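In: everything below, folded, please.
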Amino acid sequence: MLMFGWQGETEHDNLSVSAHAETLVDDFRVGGIILLGRNVKTPEQVAATLNEMQARSALPLFIAADQEGGLITRFKHPFTVFPGNMALGATRSAQYCRDAAMVTAREIAAVGVNVNFAPSLDVNINPLNPIIGVRSYGESPELVTELGVAAVEGYQSAGVLACAKHFPGHGDTSVDTHLALPVIRYDRDRLNAVELRPFGAAVDGGVALVMTTHIAFAALDGDLPATLSEPIITRLLRQEMGYDGLVITDCLEMKAIADNYGTADAAVLAVNAGVDILLACHTLEVQAELREALIRAVETGVISEQRIDKSVERILAFKRKYELESRRTVDLDTMNALIGTENNRQLERDIAASAVTLVRDEDSILPLRVQSGDQILVAGMHPATEQFAAAIRRHHANTRHLRISTQPTDEEVSEIRALIKQSAITLLTTFPTEPWTHGLVNEEEQAHLVNRVLLNGAPAIVVAAREPYNLRHFPGVRTCLATYGYPNVTTEAVADLIFGKIGPAGRLPVTIPGCADYGSGLQGF
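Out: Numbers count the residues shown, from 1 in each chain. Coordinates of the predicted model:
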């Protein structure tokens, strides 16, 4: 019932696991482990580590990772990293979702992963949501349902257990549960129509795991967040919705839980609420306390042995169903042939090209027509702006890149103005203040600068390079695109669209206040 993460890397010489990882398997006898970015260097290193950890365990381990696609990925190059959920939402294609999930599952299974903490079935209605955003397929419960169920089918058809998250829904909050405890106060009718709808379809579709969220839902439980709530996990998910798969917590070291309940005490509450697997990703001391708290709770009768037995039986049944005993060891000699194949890369390119959304082009400046001597300026605060400049430069050699500081000085603003005057067109990239890259972007200064450029009337294209919601800050924008992320495959698709190599195909999966409604997007030039 324990799934823990570990600090430390494998040793390059003998590929042995770290001391923390050894403790999890040898001493704690966990039933599962989670791979985070700190544990991943190369496919060979990951596979050798997991082979050794599986060999140490009496029973086959669940090996989990967050390989959502887009910005939330643990396995990067040479793995195929598909555009994220909101990009898939912009394609409106369930087949793309199914195929991308299947390819992802095959590639991560090649190195020994058998559980993917995906898809996110959160319906992102709140433009201020700091942690879901483009991890959601969109704001429509119907769209999230259709695409989410297709993704579950794709993962599980390739032998990887899918995980619907974050139950009952994290799409309408403005608080990050990594940092604090949000409360949602909608009534039950609204929750049924929006938040719960995709999860109900995933349950009916046989999703293997459901991950709980550390959010309080006043209409479902007046006291406790979902992770710790018997009314939500047992009565709603198990009894009303008929779910008999595995329920796993989100990480119990997140501040929404740790600061309000304590990780160890919360674990006891979660088990009594009906949770099967407890996730703690980071700290050995916290993991030890959690484990000891569970043992004491059983010894003192706070948790019944029958409650433990029920979860263990369920866990073992899924390990048998997915034949994990016979899949403990992966072949290091053949696995690379399954990772990043040309067919997989082509699917990645096709999805990116179908996702990029031309939100507005009121002056019909696209496809862009420039002379060889004309200068194009690509400017923005985020370092990924340089990726966009490189992609544009492949079509037009006379392309200038300008990285703007988060607090532009008067001299810098003067330089920007001069460069804009010298340029036939300016492409301005915009980014939100990302929780994991704090300090790279100043959204207030970014909005001020972009609006000054637009007011000056110089030809400009604004590219919302992660959150399409950024466009709400630029009411005067006349030509703008939404990309939902910025991997190279997407920046290349943006350049192809700007120069008319591909037509605009994506449609917004969310409404941008003051800019565009759900479903907008110019289809064809």
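
In: list the contacts of the residue nearest to residue 353 when sequence neighbours are not counted.
Out: Nearest residue to residue 353, sequence neighbours excluded (C-beta to C-beta, 6 or more residues apart in numbering): residue 493, at 4.7 Å. (Glycine included, C-beta is placed from N, CA and C.) The contact partners of residue 493, by C-beta atoms under 8 Å, 6 or more residues apart in numbering, come to 349, 352-353, 355-356, 483, 502.

In: for residue 512, which residues make a bridge with it?
Out: Beta-bridge pairing for residue 512 (DSSP bridges): residue 516.

In: from what I can see it touches residue 359, true?
Out: Yes. Using C-beta atoms under 8 Å, residue 512 makes contact with residue 359 at a distance of 7.4 Å.

In: apart from its chain neighbours, what residue comes closest to residue 266?
Out: Sequence neighbours aside, residue 257 is the residue nearest to residue 266 in space, at 4.8 Å (criterion: C-beta to C-beta, 6+ apart).

In: typed the wrong thing, it's residue 163
Out: residue 209 (3.9 Å).

In: surely the one you found meets residue 116?
Out: No. Between residue 209 and residue 116 there is no contact under C-beta under 8 Å: 9.4 Å.

In: neighbour count winner among these two?
Out: Between residue 209 and residue 116, counting by other C-beta atoms under 10 Å, residue 116 is the more crowded of the two (27 against 22).

In: returning to that earlier point: joint contacts of residue 209 and residue 116?
Out: With C-beta under 8 Å, 6+ apart as the test, residue 209 and residue 116 both reach 161-163.

In: would you list the phi and psi of residue 211?
Out: phi -100, psi 130 (degrees, to the nearest 10).

In: residues contacting it?
Out: Residues in contact with residue 211 (C-beta under 8 Å, 6+ apart) are 117, 163-167, 247-250, 279.

In: and it, how far from residue 384?
Out: Residue 211 sits 29 Å away from residue 384, going by C-beta to C-beta, to the nearest Å.

In: again with residue 145
Out: Distance from residue 145 to residue 384, by C-beta to C-beta: 31 Å.

In: then residue 209?
Out: As judged by C-beta to C-beta, residue 209 and residue 384 stand 32 Å apart.

In: quickly run through the sheet partners of the helix or strand of the chain with the lowest mean pLDDT, with directions.
Out: Lowest on mean pLDDT, DSSP states H and E among the helices and strands of the chain sits strand 183-184, with a mean of 81. In the sheet, strand 183-184 lines up against strand 216-217 (parallel) (DSSP bridges).

In: what residues does the strand it pairs with touch?
Out: Under C-beta under 8 Å, 6+ apart, the answer for strand 216-217 is 168, 181-184, 186, 191, 223-226, 229, 232.

In: and these, which of them are in helices?
Out: Cross-referencing the contacts of strand 216-217 against helices under DSSP state H gives residue 191.

In: of the contacts of strand 216-217, closest to residue 399?
Out: Nearest to residue 399, judged by C-beta to C-beta, of these is residue 182 at 42.8 Å.

In: these two touch, right, that closest one and residue 171?
Out: No. With contacts counted by C-beta under 8 Å, residue 182 stays clear of residue 171, the gap being 11.3 Å.

In: who's more crowded, those two?
Out: Set residue 182 next to residue 171 and count neighbours by other C-beta under 10 Å: residue 171 wins out with 26 against 21.

In: tell me which helix or strand that one sits in.
Out: Taking DSSP states H and E as the definition, one finds residue 171 inside no helix or strand.

In: what pLDDT does it get?
Out: Reported pLDDT at residue 171 in the predicted model: 77.

In: find the nearest non-adjacent residue to it, please.
Out: Leaving aside its chain neighbours, residue 171 sits nearest to residue 122 (3.7 Å; criterion: C-beta to C-beta, 6+ apart).

In: swap in residue 376?
Out: residue 399 (4.6 Å).

In: what about that neighbour, distance to residue 196?
Out: Taking C-beta to C-beta as the measure, residue 399 falls 48 Å from residue 196.

In: so residue 472 is in contact with residue 515, correct?
Out: Yes. Using C-beta under 8 Å, residue 472 is in contact with residue 515, at 5.4 Å.

In: between the two, who's got more neighbours?
Out: Here residue 472 and residue 515 are compared on neighbour count by other C-beta under 10 Å; more neighbours surround residue 515, at 22 against 17.

In: could you verify my assumption that the more buried one touches residue 482?
Out: No. Residue 515 is not in contact with residue 482 according to C-beta under 8 Å; the separation is 9.8 Å.

In: just the pLDDT at residue 270, thanks.
Out: 98.

In: now do the SS call for it.
Out: The assignment at residue 270 comes out as helix when based on DSSP: H, G, I helix; E, B strand; the rest coil.

In: measure it to residue 89 for me?
Out: For residue 270 relative to residue 89 (C-beta to C-beta), the value is 31 Å.

In: what does residue 318 give?
Out: 29 Å.

In: how about the residue sitting furthest away from the middle of the chain, what does it touch?
Out: Distance from the C-alpha centroid of the chain, by C-alpha atoms, centre = their mean, peaks at residue 373 (41.3 Å). For residue 373, the contacting residues are residue 398, by C-beta under 8 Å, 6+ apart.

In: find the nearest non-adjacent residue to residue 284, please.
Out: Closest residue to residue 284 apart from its sequence neighbours, by C-beta to C-beta, 6+ apart: residue 20 at 5.5 Å.

In: looking at the one you found now. What's its pLDDT?
Out: At residue 20, the pLDDT recorded in the model is 95.

In: can I assume it is in contact with residue 28?
Out: No. Look at residue 20 against residue 28 with C-beta under 8 Å: they stay out of range, at 10.5 Å.

In: what sits against residue 480?
Out: By C-beta under 8 Å, 6+ apart, the contact list for residue 480 reads 359-360, 461-464, 471, 474, 515.

In: let's see it at 7 Å
Out: Contacts for residue 480 (C-beta atoms under 7 Å, 6 or more residues apart in numbering) come out as 359-360, 461-462, 464, 471.

In: now the strands for the stretch 51-200 of the chain?
Out: According to DSSP state E, counting those that start in this stretch, the stretch 51-200 of the chain carries its strands in the segments 62-65, 115-116, 161-167, 183-184.

In: what about the closest residue in space to residue 100 that isn't next to it in sequence, distance to residue 418?
Out: Spatial nearest neighbour of residue 100, excluding adjacent residues (C-beta to C-beta, 6+ apart): residue 82 at 4.3 Å. When distance is defined by C-beta to C-beta, residue 82 is 40 Å away from residue 418.

In: and those two? which has more neighbours close in?
Out: Taking other C-beta under 10 Å, residue 82 and residue 418 do not tie; residue 82 has more neighbours (29 against 10).

In: hmm, the more buried one is touching residue 69, no?
Out: Yes. Residue 82 lies in contact with residue 69 (C-beta atoms under 7 Å); the separation is 4.2 Å.

In: what do those two both touch?
Out: 100, 104.

In: and residue 122, what is it in contact with?
Out: Neighbouring residues of residue 122 by C-beta under 7 Å, 6+ apart: 132, 136, 166, 169-171.
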